[in-house]
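> Can you look at this prediction? I've put the sequence above it.
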Amino acid sequence: MKKDFKKILQEKINGEYKESVRTKSDNKVKEIGKDLGFHVVSNSGATPWEKSDLTNEHFTIEHKYTDKEQFIIKKDELIKLIFSANSKTPIFMIEFDKMEMNVSNKWALIPYNVFKELIKD
């Protein structure tokens with residue numbers, strides 16, 4: 001059952017409103033898209049022709065956001081990303097709600113061969 005607009009507005013004014021993880025995640029994807037200059041895929045890749053969250057001509061990003069202490073990645077998720085990337089480089093991005101000690105809360109998982117190319121002299 002959806003809350004009515006007045007109730008949500010009052011909760012926001014009182015500081016009681018808590019965004020859903022999905023809403024936070026969607027907002028984070030938009031921020032990253034703007035920051036990196038990537039196209040935000042509508043409906044989080046739920047369309048038949050694009051399955052990722054962000055894309056440009058060279059890369060495709062699957063973004064996951066969590067407010068939990070851990071995030072588990074299954075092989076199937078990586079395989080799905082690889083196949084949906086077609087000829088683009090797949091990137092699996094994990095964003096934690098908060099990290100201690102000024103550690104970055106955004107992490108990008110890339111294929112080993114891409115990493116190897118990045119660190120070559």
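That came through fine.

> Which parts of the longest helix belonging to the chain count as buried, going by neighbours?
Of all the segments assigned as helix in the chain under DSSP state H, the longest by residue count is helix 21-36. Using 16 or more other Cβ atoms under 10 Å as the test for burial, helix 21-36 gives Lys24, Ser25, Asp26, Lys28, Val29, Ile32, Gly33. C-beta here means a position set from N, CA and C on the backbone, and glycine is covered the same way.

> quick check, nearest of those residues to Val114?
Closest approach to Val114 among the buried residues of helix 21-36 (Cβ to Cβ): Ile32, at 18.4 Å.

> Would you mind listing the residues in contact with the closest one?
With contact taken as Cβ atoms under 8 Å, 6 or more residues apart in numbering, Ile32 is in contact with Phe38, Leu54, Ile61, His63, Met93, Glu95, Lys106.

> 7 Å instead?
Applying Cβ atoms under 7 Å, 6 or more residues apart in numbering to Ile32 gives the contacts Leu54, His63.

> which parts of stretch 81-92 are buried?
Leu81, Ser84, Ala85, Lys88, Pro90, Ile91, Phe92.

> Let's have those in CSV, adding distance to Lys74.
Below are the buried residues of stretch 81-92 laid out as CSV (distance: Cβ to Cβ, whole Å):
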residue, distance to Lys74
Leu81, 11
Ser84, 15
Ala85, 17
Lys88, 21
Pro90, 15
Ile91, 17
Phe92, 11
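
> between the buried residues of helix 21-36, which is nearest Phe71?
Nearest member of those to Phe71, counting by Cβ to Cβ, is Ser25, at 12.0 Å.

> Grab the nearest non-local neighbour of Lys51.
With sequence-adjacent residues excluded and distances taken as Cβ to Cβ, 6 or more residues apart in numbering, Lys51 is closest to Ser84, at 3.6 Å.

> And the contacts of stretch 63-71?
For stretch 63-71, using Cβ under 7 Å, 6+ apart, the contacting residues are 21, 24-25, 28-29, 32, 53-54, 93-97.

> ok, now stretch 85-103?
Contacts for stretch 85-103 (Cβ under 7 Å, 6+ apart): 28, 58-67, 71, 73, 78, 81-82, 105-111, 114.
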